[in-house]
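Undergrad: Have a look at this prediction, sequence included:
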Amino acid sequence: MLKPLQYVLFLILLSATPLVAQTHVAEPAVNLGDTSFLDGIAGPGGVIEEIGDGAHEGTIVDGSGNTVSGTGTVNSISQLTHVAWITHKTILGGWYGTEVVASAAHVNAGSMGQSGGWGAFTVSPFILQWGERKIGNVPIDQRVVFDFDLPVGAYTRSSAVNIGANAFTVHPYYAITAFPAKRIETSWRVHYLWNSTNDSPPSATGAQSMQAGQAIHFNATTAYNFGKHLWLGPNAYYLRQITDGRIHGIPLRNSPEQVAAIGPGMVWNSGKWFFYANGYHEFGVKNRPEGNKLVLRVEKVF
């Protein structure tokens, strides 16, 4: 059974605020909570999936965890189409596959501006999915994916709020689902993120080049199976930037982003159809917007 893989959402370029422009280069939008339960399970076949996100960020938080004055709320909606295929060909004992993800979004950042259009286009030429194995008595399913985000999203230097990041990213991840006890699952997806340089940052920043720092982020779930079709439980995500962003090649101190979130979620399936709903409340935020997020997702496996 093939499960959803990688997603890309909207980007809000925080450098629109003068204070932030001096101290921070925003990370591009990444998969924070968009994949969840039973994530590591897959097998030869295909999947087509639609996902909708709604987010409300009431504040922008600095590197000390304090609200940045003069910044308002940010509301956004996004839609993604994900198509993936895993073949019967094996490499290192895992099935080989590929995927693509197309995204679109609309962001309203109040006085900072608004933007809408296509986002980055994600491609993966290399997926390895392993079938169920056991560590002791615990069944596990796992996958390794090398994703690349192409800078084709809506972007203009004259706007402080953009859907695209105008930069290329390398975004590999490892996903695992384990069943430590009867009717209980736990899934983890751990990503690494590297960003190329944006040589045309928004004019309002006064910069000639910007590069977001490297980051590590993960999604995590634990769920209980109520009957044959329904799983319920908590879901969470966490992101931590591990290197400083750069302007004109110079590292920006005290600029790395951080965010954590937790909330309730569920997945219900009927045959080859799967329906997901996940809610998140963010906390522990630094150098990025803080708020709440709802993810709705439907997929069909073949």
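TA: That came through, no problem.

Undergrad: any idea which helix or strand comes after the lowest-mean-pLDDT helix or strand in the chain?
TA: Of all regular secondary-structure elements in the chain, judged by mean pLDDT, DSSP states H and E, the least confident is helix 18-23 with a mean of 42. Toward the C-terminal end, the helix or strand that comes next after helix 18-23 (DSSP states H and E) is strand 45-61.

Undergrad: Tell me the buried residues in that following strand?
TA: In terms of neighbour count (16 or more other C-beta atoms under 10 Å), strand 45-61 has its buried residues at 45, 47, 49, 51, 53, 55, 57, 59-61. For the C-beta atoms, the positions are set from N, CA and C on the backbone; glycine is no exception.

Undergrad: Can you give the distance from it to the centre of its chain?
TA: Here the centre of mass of C-alpha atoms in strand 45-61, compared against the chain's by C-alpha atoms, centre = their mean, to the nearest Å, lies 8 Å away.

Undergrad: and it, what does it pack onto?
TA: Contact partners of strand 45-61 among helices and strands, from 3 or more C-beta pairs under 8 Å, 6 or more residues apart in numbering; DSSP states H and E: strand 74-91, strand 288-301.

Undergrad: repeat that with 10 Å
TA: Taking 3 or more C-beta pairs under 10 Å, 6 or more residues apart in numbering; DSSP states H and E as contact, the helices and strands that strand 45-61 lies on are strand 74-91, strand 94-108, strand 273-286, strand 288-301.

Undergrad: Dump the next helix or strand after the second one to PDB, keeping only the CA atoms.
TA: Counting by DSSP H and E, the element after strand 94-108 in chain order, helix or strand, is strand 114-135. Taking only C-alpha atoms (Å, rounded to 0.1, in the frame of the first residue of the first chain), the coordinates of strand 114-135 have been written out as PDB:
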ATOM      1  CA  GLN A 114      -0.700  39.200   0.000                       C
ATOM      2  CA  SER A 115       0.200  36.800  -2.800                       C
ATOM      3  CA  GLY A 116      -1.300  33.800  -4.700                       C
ATOM      4  CA  GLY A 117      -0.300  31.400  -7.300                       C
ATOM      5  CA  TRP A 118       1.800  28.300  -7.900                       C
ATOM      6  CA  GLY A 119       4.400  27.200  -5.400                       C
ATOM      7  CA  ALA A 120       7.600  25.200  -5.800                       C
ATOM      8  CA  PHE A 121       7.500  21.900  -7.900                       C
ATOM      9  CA  THR A 122       8.800  18.900  -6.000                       C
ATOM     10  CA  VAL A 123      10.400  16.000  -7.800                       C
ATOM     11  CA  SER A 124      12.000  12.800  -6.500                       C
ATOM     12  CA  PRO A 125      14.000  10.600  -8.900                       C
ATOM     13  CA  PHE A 126      14.800   8.200  -6.100                       C
ATOM     14  CA  ILE A 127      12.500   6.400  -3.600                       C
ATOM     15  CA  LEU A 128      13.400   3.200  -1.800                       C
ATOM     16  CA  GLN A 129      10.600   1.500   0.100                       C
ATOM     17  CA  TRP A 130      11.100  -1.600   2.200                       C
ATOM     18  CA  GLY A 131       8.300  -4.000   3.100                       C
ATOM     19  CA  GLU A 132       7.500  -5.000   6.600                       C
ATOM     20  CA  ARG A 133      10.300  -6.300   8.700                       C
ATOM     21  CA  LYS A 134      10.700  -7.000  12.400                       C
ATOM     22  CA  ILE A 135      13.000  -5.600  15.000                       C
END
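
Undergrad: What is the subsequent helix or strand relative to strand 114-135?
TA: Helices and strands here follow DSSP H and E; after strand 114-135, the next one along the chain is strand 138-150.

Undergrad: What are the buried residues along that next one?
TA: Under the neighbour-count criterion of 16+ other C-beta under 10 Å, strand 138-150 has 140-143, 145, 147-149 buried.

Undergrad: Tell me which strands it pairs with, and in which orientation.
TA: Sheet pairing of strand 138-150 (DSSP bridges) gives strand 114-135 (antiparallel), strand 169-181 (antiparallel).

Undergrad: right, so of the ones you listed, which gets closest to Leu38?
TA: The stretch from the strands paired with strand 138-150 with the least distance to Leu38 (C-beta to C-beta) is strand 169-181; that distance is 5.6 Å.

Undergrad: Mind listing what's buried along that closest one?
TA: By 16+ other C-beta under 10 Å, the buried positions in strand 169-181 come out as 169, 171-173, 175-179.
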